[in-house]
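Enquirer: dropping a prediction and its sequence here:
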Amino acid sequence: MKDADARALLRDMFDAALAAARPATCLAPYIDELKPPKGRTVVIGAGKASAAMARAVEDRWPHPLEGLVVTRYGYGEPCARIEIVEAAHPVPDDKGRAAAGRILDKVKGLSADDLVLCLVSGGASALLALPASGIPLADKQAVNRALLRSGANIVEMNTVRKHLSAIKGGRLAVTAQPARVLSWLISDVPNDDPGVIGSGPTVPDRTTFADALAVLARYRIDPPDSIRAHLEAGASGRIEETPKPGDPRLAKVETILVATPRRSLEAAAEVARRRGCDVVMLGDNLEGEARDLGAAHARQALNLAKTQDKPTVILSGGETTVTVRGQGRGGRNVEYLLSEAITANGAPQVWGLAADTDGVDGAEDIAGAIFTPDTLARARANGRDPKAMLDDNDGHSFFEMLGDSLVTGPTRTNVNDFRATLIVP
């Protein structure tokens, strides 16, 4: 297989994964089946896909509605009846805080005849930034930055976020009672746990204040005084816990997963099979240090190159972590991919792509990258040391230098990381 053909196949698989999670496509059957309530329809939401989800609802819902959603800067969509606010991600800002407060106000005072349609996707945790009473936004920002650098996984990070919030961890749905609450979720988390997606603003929370304190201790994060005092007050019972499974206040909540990483990986697999490839599906819930997973997948690819007699694609999703030790420009997908390239060590049979389906890997507006059999040789010819750049968490600089960054712009969806390794014997 020529290099251009290998690159094209990798990109076509990634594009198929994105197409399977487009809000206009995956929401359509749910919108068409939804019956209008006797009362008001209030649309709220948050996340990188939330504006596109709101646009899909507007385009297919002929009945009266109103609402507000908050999305990442650059991810807005023009809507006529639903207000779209853009705010910061992954570290929240005051625009997100103000929007979250207004969303909470919109669901207050509703009746049992009203419907709250909640649109949640990845990124909602940072965008629904309404700190609990007594916690300044600056303190919450500081903890968020520390968690992002610590190597904590998404479940751990959102355990902390839920217990620092006035809106997450089921509190939004409690505020909306007695209205019916219907949540449509685009999953960006391993195992598709609704309590983790966007920190579960409308679903019961199985975690506790004590769990949040344990996460901070595990990663040696010393939080600001306001945050420590709040979590310790909750752990001692002086602050009410988040609503738990079986809480009667959540009895009128329905939650539906409208798009998942698994469905996107299956769409990519179908592309590979149509091109004559075997597919090895490793799952949509892989976690762990990005560089360790990249090295492991490279070793698997090298073993397959010795035994397979036809092109093979290894597919996986999930959300890895990066423990930041360097000063480079990185993200979990380019960290994974650079480690995979180093371990593959120029094997002529191996190509790879890793990207975040939201179009943003780390803090960069770069989705990810592609590596090829000559990646390391081209880098060294440019005077760059791949291992040193990996140690500096500088994956974006590495692939950008080679012209192999994958830039999609805002995808307006988010079903977590997409990884494909192509082996051509």
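Expert: Yep, that arrived. Numbers count the residues shown, from 1 in each chain.
Enquirer: could you use CA atoms for every contact and neighbour count after this?
Expert: Will do.
Enquirer: now the helix or strand where residue 68 lies: mean pLDDT?
Expert: Under the criterion of DSSP states H and E, residue 68 resides in strand 66-72. Strand 66-72 carries an average pLDDT of 97.
Enquirer: helices and strands around it, which ones?
Expert: Applying 3 or more Cα pairs under 8 Å, 6 or more residues apart in numbering; DSSP states H and E, we find strand 66-72 packed against strand 41-46, helix 50-60, strand 82-87, helix 94-106, helix 124-127.
Enquirer: okay, it in PDB with CA atoms only?
Expert: Extracted C-alpha coordinates of strand 66-72, given in PDB (Å, rounded to 0.1, in the frame of the first residue of the first chain):
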ATOM      1  CA  GLU A  66     -37.100  28.200  24.400                       C
ATOM      2  CA  GLY A  67     -33.700  27.700  26.000                       C
ATOM      3  CA  LEU A  68     -30.000  28.300  26.500                       C
ATOM      4  CA  VAL A  69     -27.000  26.100  25.900                       C
ATOM      5  CA  VAL A  70     -23.300  26.800  26.500                       C
ATOM      6  CA  THR A  71     -20.500  25.500  24.300                       C
ATOM      7  CA  ARG A  72     -16.800  26.000  23.700                       C
END
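Enquirer: what residues go with each domain of the protein?
Expert: According to automatic domain parsing, the chain comprises the domains 3-17+262-423, 23-260.
Enquirer: what does stretch 101-117 rub up against?
Expert: If you take Cα atoms under 8 Å, 6 or more residues apart in numbering as the criterion, stretch 101-117 is touched by 37-44, 67-69, 130, 167, 172, 175-184.
Enquirer: strands of the stretch 301-425 of the chain, start to end?
Expert: Per DSSP state E, counting those that start in this stretch, the stretch 301-425 of the chain carries strands over the ranges 312-318, 350-356, 368-371, 405-406, 417-423.
Enquirer: which one of these lies nearest to residue 291?
Expert: Among the strands of the stretch 301-425 of the chain, strand 350-356 comes nearest to residue 291, with 12.1 Å by Cα to Cα.
Enquirer: for that closest one, which strands pair with it and how are they oriented?
Expert: Strand 350-356 has the following strand partners under DSSP bridges: strand 368-371 (antiparallel), strand 417-423 (antiparallel).
Enquirer: mind listing residues that contact the last one?
Expert: Meaning strand 417-423. 6, 10, 14, 17, 265, 297, 301, 304-305, 311-319, 333, 349-357.
Enquirer: tabulate the strands of the stretch 301-425 of the chain (a markdown table), appending distance to residue 74, mean pLDDT and mean neighbour count.
Expert: Converted to a markdown table, the strands of the stretch 301-425 of the chain look like this (distance: least, Cα to Cα, whole Å; pLDDT from 0 to 100; neighbours: other Cα atoms under 10 Å):
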| stretch | distance to residue 74 | mean pLDDT | mean neighbour count |
| --- | --- | --- | --- |
| strand 312-318 | 24 | 97 | 24 |
| strand 350-356 | 16 | 98 | 29 |
| strand 368-371 | 18 | 98 | 28 |
| strand 405-406 | 18 | 98 | 23 |
| strand 417-423 | 20 | 98 | 27 |
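Enquirer: using CSV, lay out those strands together with distance to residue 75.
Expert: Formatted as CSV, the strands of the stretch 301-425 of the chain follow (distance: least, Cα to Cα, whole Å):
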stretch, distance to residue 75
strand 312-318, 22
strand 350-356, 15
strand 368-371, 18
strand 405-406, 18
strand 417-423, 18
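Enquirer: and these: which comes nearest residue 341?
Expert: strand 368-371 (6.5 Å).
Enquirer: for that closest one, list the C-alpha coordinates in PDB.
Expert: What follows is strand 368-371, C-alpha atoms only, in PDB (Å, rounded to 0.1, in the frame of the first residue of the first chain):
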ATOM      1  CA  GLY A 368      -4.300  14.800  16.700                       C
ATOM      2  CA  ALA A 369      -1.800  13.500  14.100                       C
ATOM      3  CA  ILE A 370      -0.700  10.700  11.800                       C
ATOM      4  CA  PHE A 371       2.600   8.800  11.900                       C
END
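Enquirer: list of residues touching that strand?
Expert: 7, 333-334, 337-338, 341, 351-356, 359-361, 396, 399, 404-407.
Enquirer: repeat for stretch 228-243
Expert: Residues contacting stretch 228-243 (Cα under 8 Å, 6+ apart): 134-135, 162-164, 169-171, 204-205, 208-210, 212-213.
Enquirer: of these, which is the most crowded?
Expert: residue 169 (31 neighbours; other Cα atoms under 10 Å).
Enquirer: dump the residue contacts of that residue.
Expert: 162-163, 195, 199-205, 242-243.
Enquirer: same question, residue 48
Expert: 71-72, 75, 121-124, 358, 412-414.
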